[in-house]
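*Asks:* Show me the folded form of this:
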Amino acid sequence: SSVQRGNTQLVSKIRNVKVEFSTKRLTYDFLLGERTCALFLTSRFHALQPQYIVKRMRTVVHTTGTRFATRIVLFVAEGRSRYRDGGVGG
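*Replies:* This is a model prediction of the structure:
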């Protein structure tokens, strides 16, 4: 989706594949194959709008006309870790 053009945090990490931005209004953020799509979400936005991802997933299913076999959420945890080493439980 063209919305992700400004998402340099994620788009700059995509390698070894062709990246194209669509001018169409899409309900998903990334098309990864004929039947695979991905939605992007940050922890900060999720904390503010916890129902957002649920609504997005429903929208993808009902409006695309494509039955995606796989729907992936690309989730970025932002902010300071409460653990010193950044790992879980440590």
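*Asks:* And stretch 48-58, what's buried?
*Replies:* Using 16 or more other CB atoms under 10 Å as the test for burial, stretch 48-58 gives 53, 56-57. (Each C-beta comes from the backbone N, C-alpha and C, glycine too.)
*Asks:* And the pLDDT for the most centrally placed residue in the chain?
*Replies:* With distances taken as CA atoms, centre = their mean, the residue of the chain nearest its centroid is Phe40 (1.6 Å). We have a pLDDT of 87 for Phe40.
*Asks:* Where does the prediction get shaky in this structure?
*Replies:* Scanning the chain for pLDDT under 70 picks out the ranges 1-9, 62-66, 80-90.
*Asks:* now with 80?
*Replies:* 1-26, 61-67, 78-90 (pLDDT under 80).
*Asks:* What ranges does it have for its helices?
*Replies:* Here the chain has its helices, by DSSP state H, at 8-11, 43-48, 52-63.
*Asks:* For the buried residues of stretch 48-58, give me CSV that also has distance to Phe75.
*Replies:* CSV is the format used below for the buried residues of stretch 48-58 (distance: CB to CB, whole Å):
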residue, distance to Phe75
Ile53, 9
Arg56, 12
Met57, 13
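*Asks:* Ser43 and Leu32, how far apart?
*Replies:* Noted for Ser43: a distance of 22 Å to Leu32, by CB to CB, to the nearest Å.
*Asks:* wait, Leu26
*Replies:* Counting by CB to CB - Leu26 and Leu32 are separated by 13 Å.
*Asks:* likewise Val19?
*Replies:* 12 Å.
*Asks:* who's more crowded, these two?
*Replies:* Counting neighbours by other CB atoms under 10 Å for Val19 and for Leu32 shows that Leu32 has the greater number, 14 against 11.
*Asks:* For the more buried one, which non-adjacent residue is closest in space?
*Replies:* Ala38 (5.8 Å; CB to CB, 6 or more residues apart in numbering).
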